[in-house]
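Engineer: give the three-dimensional model of this entry:
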Amino acid sequence: MDPHLLRTYVTVARLASFSEAARALGYTQSAVSQHIAALEGDLGVPLLTRRPVVPTPAGERLLEHAGSLLLRLDAARADLARFAAAPRETLTVAASPLALHPRTLAALPATGVTLRTLPRDEVPAAVATGAADLGLVDGAAAPSDPLRLPDVAPLTARRVAEEPLAVVLPAGHPLAGRGGLDLADLVDARWLDAPDAGIPLDRLRAAHGGPAGHGFRAALRFEGTDARTVAALAAAGHGLALLPFSAASAPASVSAVGRAWDGVLVPLAAPRLVHRVELLHAGGEPPRPAVELVRRLTTRPEGGR
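Structural biologist: Have a look, this model is predicted:
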């Protein structure tokens, strides 16, 4: 399967137009048509209907494979390009919003760094394809367990920090005075859906272990990246949120039950989950400008953990 033909097919399917795909790719429309015909001939099945331009069932199945196939090719090209790349002193770091832990921010060099915030699922791909030299990605995991990352390319992952998770409640909530909360008691509560600035609801459902899609219904969706806004929304009664303590609490240290804006932070007692941040880089050793940053982040674990 020719990857050039596959890229053309993905573009046509995404734009639902041969002419728009030709403009986007810099080809003539007849070249795009020839690419699609050649790919269909190679695979032996029609991939697109022409009027309207939509994938056939076989085309839909190919789209399920295409993203990971093309990403792997881009990752391989970027990995080999590193062998020929000239030494440089600048550094690009891609980070999911909640991976910007106070300790990770303090470790960044004073100059020569571009910090790019991405959705957590896009960080590994950015590192694999060379769009970023390093990645900082976060997630909820059992204590000392590695994060489950998409298999986009061979990446080295190193733990940077782990900290407790807390449920953010309005101050007057019936559960606000508890010393710890069990997710099982919150299945039917109203939650904030903040996939980039909080622990995603599908992760809560998976941690609870209930039926797929069951419980943890969204009351309000927040599409920003500021965890403090999520905490403020939860404190105002728009839905519960699960956040790492450092993202939701005031700068002062928080004890077993602490304040979060006008709300309350109650530690997550069960299941046993922590908020984990990992550092990602391609290959066995980090690029030269990143060596010192990697050392700072991985030799002084949070809280001595």
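Engineer: tell me which residues of stretch 95-106 are tucked away?
Structural biologist: By 16 or more other CB atoms under 10 Å, the buried positions in stretch 95-106 come out as 95-101, 103-104. In short, each C-beta sits where N, CA and C put it, glycine included.
Engineer: got the end-to-end distance for stretch 47-67?
Structural biologist: 16 Å (CA to CA, to the nearest Å).
Engineer: let me see the mean pLDDT of it.
Structural biologist: Stretch 47-67 comes out with an average pLDDT of 91.
Engineer: stretch 156-168 too?
Structural biologist: Rounded mean pLDDT across stretch 156-168 is 93.
Engineer: using PDB, write out every CA atom in it.
Structural biologist: Below are the C-alpha coordinates for stretch 156-168, written out as PDB (Å, rounded to 0.1, in the frame of the first residue of the first chain):
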ATOM      1  CA  THR A 156      11.000   6.300  26.400                       C
ATOM      2  CA  ALA A 157       8.700   7.300  29.300                       C
ATOM      3  CA  ARG A 158      10.100   8.400  32.700                       C
ATOM      4  CA  ARG A 159       8.100   9.200  35.800                       C
ATOM      5  CA  VAL A 160       8.300  12.900  36.800                       C
ATOM      6  CA  ALA A 161       5.700  13.200  39.600                       C
ATOM      7  CA  GLU A 162       2.800  11.500  41.400                       C
ATOM      8  CA  GLU A 163       0.400  13.200  43.700                       C
ATOM      9  CA  PRO A 164      -3.000  12.600  45.200                       C
ATOM     10  CA  LEU A 165      -6.300  13.200  43.500                       C
ATOM     11  CA  ALA A 166      -9.200  15.100  45.000                       C
ATOM     12  CA  VAL A 167     -12.900  15.600  44.300                       C
ATOM     13  CA  VAL A 168     -13.900  19.200  44.100                       C
END
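Engineer: in that stretch, what counts as buried?
Structural biologist: Under the neighbour-count criterion of 16+ other CB under 10 Å, stretch 156-168 has 157, 159-168 buried.
Engineer: thinking again about what came up before, just send the buried residues of stretch 95-106 back as a markdown table, with distance to Arg148 too.
Structural biologist: A markdown table is the format used below for the buried residues of stretch 95-106 (distance: CB to CB, whole Å):
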| residue | distance to Arg148 |
| --- | --- |
| Ala95 | 18 |
| Ser96 | 14 |
| Pro97 | 19 |
| Leu98 | 16 |
| Ala99 | 15 |
| Leu100 | 21 |
| His101 | 19 |
| Arg103 | 23 |
| Thr104 | 20 |
